[in-house]
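Asks: Just the structure for this:
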Amino acid sequence: MTETILKENADAPAGFFESEAAGLRWLAEAETDGGARIARVVSVDVGRIELERIREAAPTPGAARGFGVALARTHAAGADAFGAAPDGWNGPGFIGKRPQAYAREQRWGGFYARTRVLPFLGIAVEAGNLTADERRTVEDACALIAGGAFDDADPPARIHGDLWAGNVLFSPDGVVLIDPAAHGGHRETDLAMLALFGAPFLEEMLAGYASEHPLHDGWRERVPVHQLHPLAVHAAGHGRGYGVQLARAARATLALA
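Replies: Numbers count the residues shown, from 1 in each chain. Sure thing, here's the model as predicted:
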């Protein structure tokens, strides 16, 4: 019998757990083509979600490399547009507990700047975690991104969207992903999030990924571009240090122009 875990919050925003379930199921569709393993949704209802419990194990280089290959295959499953919601989901989106809009755009840069970075800046300033000067620097970086400086020919990827190390669980059977903010995005965004908070055996993950899908030249230099989103989210509610990091990433983005 499968062990499960129940998450409940009667005060959760409308659609909160349903959005999580939709993202998990959408990502799991790629498993048939060798995509990353996703925690199973057992049931979902207003204010609650029941998931497969993942038995954790110590991280290993082999599991990390295998996950890199699988993540590339999940990304390859694609999405209808940049910012697209999981197929069949018409409700709200979230990252952590914060609302986050979906979109349907043909260019990555415009979508990313407008719906993944800029919406969190005012909140971060109001919280005292980002100065007015730093905000202008981030806005300048967003203008560069929205102008297409980092767009490429890649189609929208099916990304996890909140792929920090805490959502990457090593099990006896390999890596399993939980808690997505899934949408149509850029491959490099998930990889940059893995790097931001230090995933175990990150270089093995990246090597596995590159063996399945080689990345465009200069992707390491573009990591700060793709970290603007999670840093903006964290600056909105997790302290001044994230505002400092956000401004630093914005300056690094501008330096690539």
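
Asks: mind listing the strands for the stretch 1-150 of the chain?
Replies: Along the stretch 1-150 of the chain, counting by DSSP state E, counting those that start in this stretch, strands occupy 4-8, 37-38, 41-45, 48-52, 94-95, 98-99.

Asks: and of those strands, who's closest to residue 225?
Replies: Closest to residue 225 of these is strand 94-95 (CB to CB; 17.5 Å). No exception for glycine: its C-beta is placed from N, CA and C like everyone else's.

Asks: How far away from the center of its chain is that closest one?
Replies: Offset of strand 94-95 from its chain centre (CA atoms, centre = their mean, to the nearest Å): 10 Å.

Asks: Remind me what that strand packs against, helices and strands.
Replies: The contact analysis (3 or more CB pairs under 8 Å, 6 or more residues apart in numbering; DSSP states H and E) places strand 94-95 against helix 16-28.

Asks: and the helix it packs on, what does it pack onto?
Replies: Partner elements for helix 16-28 (3+ CB pairs under 8 Å, 6+ apart): strand 37-38, strand 41-45, strand 48-52, strand 94-95.

Asks: Give the partner strands of the first one in its sheet and their orientations.
Replies: Strand 37-38 has these partner strands in its sheet, going by DSSP bridges: strand 174-177 (parallel).

Asks: contacting residues around residue 195?
Replies: Contact partners of residue 195, counting by CB atoms under 8 Å, 6 or more residues apart in numbering, are 202, 223, 227.

Asks: most surrounded residue in those?
Replies: Counting neighbours by other CB atoms under 10 Å, the top entry in those is residue 227, with 22 neighbours.

Asks: What are the contacting residues of the helix or strand hosting that one?
Replies: For residue 227, the host element (DSSP states H and E) is helix 223-235. Residues outside helix 223-235 that contact it (CB under 8 Å, 6+ apart): 95-96, 98, 112, 116-117, 120-121, 124, 127, 129-130, 138, 141-142, 145, 150, 162, 164, 186, 188-189, 191-193, 195-196, 242-243, 245-246, 248-250, 252-253, 256.

Asks: Next step: those residues restricted to helices.
Replies: 112, 121, 124, 138, 141-142, 145, 188-189, 191-193, 195-196, 242-243, 245-246, 248-250, 252-253 (DSSP state H).

Asks: Show me which of those are buried.
Replies: Buried members of those, counted by 16 or more other CB atoms under 10 Å: 112, 121, 124, 138, 141-142, 145, 188-189, 191-193, 195-196, 242-243, 245-246, 249-250, 252-253.

Asks: just to revisit the earlier point, got the contacts of residue 195 as TSV, with pLDDT and distance to residue 154 columns?
Replies: Shown next, in TSV, are these (pLDDT from 0 to 100; distance: CB to CB, whole Å):
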residue	pLDDT	distance to residue 154
202	98	22
223	98	16
227	98	19
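
Asks: Between these, which sits nearest residue 134?
Replies: Distance to residue 134, by CB to CB, is smallest for residue 227 among the contacts of residue 195, at 15.0 Å.

Asks: where's the closest one relative to residue 248, distance?
Replies: Noted for residue 227: a distance of 10 Å to residue 248, by CB to CB, to the nearest Å.
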